[in-house]
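Asks: Have a look; sequence and predicted model below, questions after that.
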Number of protein chains: 2
Amino acid sequence: MFTVKQISKLAGVTPRTLHHYDEIGLLKPSRVGDNGYRYYGKESLLRLQQILFYRELDMPLDDIRKIIGRRDYDKLGALQSHKVALNKKVARLNRLIQTVDNTINHLQGDNIMSERELFKAFSEEEQEQYALEAEQLYDAATVRASNKKWKSYSAAKRESILAEGNTIYADMVAAMPSGVRSRAVQVIVERWHKHMEYFWTPKLEQLVGLANGYNDDPRFKANFDKIHPQLAEFMREAVQVYVANSRKSGSK
Amino acid sequence: MFTVKQISKLAGVTPRTLHHYDEIGLLKPSRVGDNGYRYYGKESLLRLQQILFYRELDMPLDDIRKIIGRRDYDKLGALQSHKVALNKKVARLNRLIQTVDNTINHLQGDNIMSERELFKAFSEEEQEQYALEAEQLYDAATVRASNKKWKSYSAAKRESILAEGNTIYADMVAAMPSGVRSRAVQVIVERWHKHMEYFWTPKLEQLVGLANGYNDDPRFKANFDKIHPQLAEFMREAVQVYVANSRKSGSK
DNA sequence: TTAAACCCTGACGTGACGTTAATGTCAAGG
DNA sequence: CCTTGACATTAACGTCACGTCAGGGTTTAA
């Protein structure tokens, strides 16, 4: 059993916040002493953690109460979606950072920025339009086929394939400054294209969908962010250029 | 010249917000028509962008006004620090994501979590306490010496040193799952120790300070986060173990 | 037994707008 | 010229998540 002060220290909130949460019925103490003191148990801790996650995503306390108050409330599912939401926040912040960079260059006269560009990272919108596309790409059949191919390799082979992948992404990060259209980057995209065939043999258009998936699908995005916060986004643009070019030269 | 509605669409704020900013003298229109209409010019856009960046970092509007109102206000410098602050936010979110993962495992019974762990990503604290130490480490003399040594290398040599560094950090990320005390990690720390001598020859204790610097100094931290969001923190712990062990075996 | 450190309940304050109301302005089409 | 609809204005009260007193009781360690 913890007192308000103890909880407040643990969770980084003030006692007043706990009073407030009690008042509005969001987090009631497990037990109230005869002296009126609030005592919280371990379940309260877990519930408070959930509340803080939702609050982190700017949800009104009233809505939070409604959600975690439902008797069929699914803790695990909620945590999964917290992760997705937090990843989106990270993506947004990364776009903001990109905008800061652009603005710095803009002020130094190195590039020009339209009015829209100045703010495009702030306004949400224009996200998720690729969601359907990605959904379609990662359908059950594709995933099954891809898994099968992967499992057919020896452990050593798998190691070396993963290593090759890491090298490609590392090279890509190194080449980022030269821009998505640069020869250097496009050569790496080609290596990446070849590399993908260890998993499945994508058609040219599917490459774009795959690169979109790197951005939209949290499973991938998180891993890419570890390498470089702008890598997924950069890859998407680079692959678009690559596919556009390949089509031109390939179809004549 | 833009009207309130136009600005609001561009920047993703409501007209009411612009009214409010006018009221409190944070962002006044470039011109007010005879009809009382507010008209904003391009300078206003840039100023609004700055305001939104500060707001993104949860700064009170009153403070924002004071800062950008100063006549020696440095736009570029501000943007630089926006970047640092945004990167800190990203790092925090990554820690939160890590906590979500841990909690998921915890609920599935795969690991146990202390009360502190449940919340450690929320509470800020335990950042920056090494600030002084780091300050001391990066004093002018050290930095000068380090720069001098670095400049004495040929361009090719520098390239290869940087590459070696990248390899070490990549290997470190790969070895993270085995824990800070594992043989694998400690061997890599030793390689890192050797590697550092290209820059200067740190005394054993200074290694700890250096690794702390990776966490505390935003210049380094941002770069480490690009490789892996927990790398800087992991290095700090690993180096502490390394130094403790070296002292034991070295001094007998 | 006394001080320090904790607890309680009101109740009002605050910051950044949202919302509503009542009213004026402008551009386009009939 | 007149209407209509989308814009603009000011004024003023509402909201949300607490912060901040004020006034008073309780617990613990010296």
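Replies: Done, it's in. Computed from a prediction, not measured in an experiment: that's the story for all the values here.

Asks: From here on, just use CA atoms for contacts and neighbour counts.
Replies: OK.

Asks: need the helices for chain A, in chain order.
Replies: A:4-11, A:15-23, A:42-56, A:61-69, A:75-107, A:115-119, A:131-137, A:140-151, A:155-175, A:183-196, A:204-216, A:218-227, A:231-250 (DSSP state H).

Asks: Would you mind getting the angle between the last one and helix A:183-196?
Replies: Same thing as helix A:231-250. 90 degrees (axes from the mean of the first three to the mean of the last three Cα atoms, to 10 degrees).

Asks: Tell me the helices and strands packed up against helix A:231-250.
Replies: helix A:183-196, helix A:204-216, helix A:218-227 (3 or more Cα pairs under 8 Å, 6 or more residues apart in numbering or on different chains; DSSP states H and E).

Asks: now the third one
Replies: In terms of contacts (3+ Cα pairs under 8 Å, 6+ apart), helix A:42-56 is packed against helix A:61-69, helix A:75-107, helix B:115-119.

Asks: follow-up on the earlier one: return the most buried member of the helices of chain A.
Replies: Scoring these by mean neighbour count under mean count of other Cα atoms under 10 Å in any protein chain shown gives helix A:204-216 as the most buried, with a mean of 21.

Asks: Show me what from chain A comes close to DNA strand C.
Replies: Residues of chain A lying near DNA strand C by Cα under 7 Å from any atom of the strand: A:3, A:4, A:5, A:6, A:15, A:19, A:36, A:37, A:38.

Asks: excluding its backbone neighbours, what's nearest the last one?
Replies: Using Cα to Cα, 6 or more residues apart in numbering or on different chains and skipping residues adjacent in sequence, the residue nearest residue A:38 is residue A:32, 4.8 Å away.

Asks: That neighbour - how many residues pack around it?
Replies: Residue neighbour count, defined by other Cα atoms under 10 Å in any protein chain shown, stands at 12 for residue A:32.

Asks: Quick one: the helices of chain A as TSV, columns for mean pLDDT too.
Replies: Listed next are the helices of chain A as TSV, based on pLDDT from 0 to 100:
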stretch	mean pLDDT
helix A:4-11	95
helix A:15-23	98
helix A:42-56	95
helix A:61-69	93
helix A:75-107	86
helix A:115-119	84
helix A:131-137	34
helix A:140-151	50
helix A:155-175	72
helix A:183-196	85
helix A:204-216	63
helix A:218-227	58
helix A:231-250	76
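
Asks: where's the most centrally placed residue in chain A relative to chain B, distance?
Replies: By Cα atoms, centre = their mean, chain A has its centre lying nearest to residue A:87, at 3.2 Å. Distance, residue A:87 to chain B, by Cα to the nearest Cα, to the nearest Å: 8 Å.

Asks: again, but for residue A:172
Replies: 13 Å.

Asks: now swap in residue A:95 and tell me
Replies: Distance from residue A:95 to chain B, by Cα to the nearest Cα: 10 Å.

Asks: That residue - nearest residue in space that isn't next to it in sequence?
Replies: Of all residues not flanking residue A:95 in the chain, residue A:121 sits nearest, at 5.5 Å (Cα to Cα, 6+ apart).

Asks: Quickly list the domain ranges of chain A.
Replies: A:4-69, A:80-127, A:128-252 (automatic domain parsing).

Asks: How about the first one and DNA strand D, touching?
Replies: Yes - judged by Cα under 7 Å from any atom of the strand, domain A:4-69 comes into contact with DNA strand D through A:14, A:15, A:16, A:17, A:20, A:35, A:59, A:60, A:61, A:62.

Asks: For that domain, what is the distance to the chain centroid?
Replies: With Cα atoms, centre = their mean, to the nearest Å as the basis, domain A:4-69 stands 28 Å off its chain's centre.

Asks: cool, the second one as well?
Replies: Relative to its parent chain, domain A:80-127 has a centroid offset of 14 Å by Cα atoms, centre = their mean.

Asks: Write out the residues of the stretch 1-150 of chain A neighbouring chain B.
Replies: A:10-12, A:45-46, A:49, A:76, A:79-80, A:82-83, A:86-87, A:89-90, A:93-94, A:96-97, A:100, A:104, A:107, A:115-116, A:118-120, A:122-123 (Cα under 8 Å from any Cα of the partner chain).

Asks: mind redoing it with 7 Å?
Replies: A:10-12, A:49, A:76, A:79, A:83, A:86, A:90, A:93, A:97, A:100, A:104, A:116, A:118-119, A:122-123 (Cα under 7 Å from any Cα of the partner chain).

Asks: Residue A:116 and residue B:6, how far apart?
Replies: To residue B:6, residue A:116 is 11 Å away according to Cα to Cα, to the nearest Å.

Asks: Kindly report the same for residue A:112.
Replies: 20 Å.

Asks: what do you get for residue A:78?
Replies: 38 Å.

Asks: same deal with residue A:23?
Replies: Separation of residue A:23 from residue B:6 (Cα to Cα): 42 Å.

Asks: do residue A:58 as well
Replies: Counting by Cα to Cα - residue A:58 and residue B:6 are separated by 26 Å.

Asks: For residue A:164, which non-adjacent residue is spatially closest?
Replies: residue A:195 (7.9 Å).

Asks: State the distance from the one you found to residue B:192.
Replies: 31 Å.

Asks: Then residue A:114?
Replies: To residue B:192, residue A:114 is 45 Å away according to Cα to Cα.

Asks: Turn the residues of domain A:4-69 next to DNA strand D into TSV, columns for distance to residue B:70.
Replies: Putting the residues of domain A:4-69 next to DNA strand D into TSV (distance: Cα to Cα, whole Å) gives the following:
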residue	distance to residue B:70
A:14	34
A:15	37
A:16	36
A:17	36
A:20	38
A:35	53
A:59	35
A:60	36
A:61	38
A:62	40
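
Asks: Residue A:104: what's it in contact with?
Replies: Listed by Cα atoms under 7 Å, 6 or more residues apart in numbering or on different chains, the contact partners of residue A:104 are B:76, B:79.

Asks: What about the residue in the stretch 51-200 of chain A that DNA strand C sits nearest to, how many residues nearby?
Replies: Across the stretch 51-200 of chain A, no residue is closer to DNA strand C than residue A:60, which sits at 11.9 Å (Cα to the nearest atom of the strand). By other Cα under 10 Å, 10 other residues sit near residue A:60.

Asks: can you check residue A:111 too?
Replies: Neighbours around residue A:111, by other Cα under 10 Å: 11.

Asks: tell me the phi and psi of the closest residue to DNA strand D within chain A?
Replies: Scanning chain A for the residue nearest DNA strand D gives residue A:60, at 3.1 Å (criterion: Cα to the nearest atom of the strand). Backbone torsions of residue A:60, given as degrees, to the nearest 10, read phi -60, psi 140.

Asks: Same question for residue A:179.
Replies: The phi/psi pair for residue A:179 (degrees, to the nearest 10) reads phi 90, psi 150.

Asks: same check, this time on residue A:180
Replies: Torsion angles, degrees, to the nearest 10, at residue A:180: phi -60, psi -30.

Asks: residue contacts, it?
Replies: Going by Cα under 7 Å, 6+ apart, the list of residues near residue A:180 reads A:237, A:238.

Asks: for residue A:184, same thing?
Replies: Per Cα under 7 Å, 6+ apart, neighbours of residue A:184: residue A:175.
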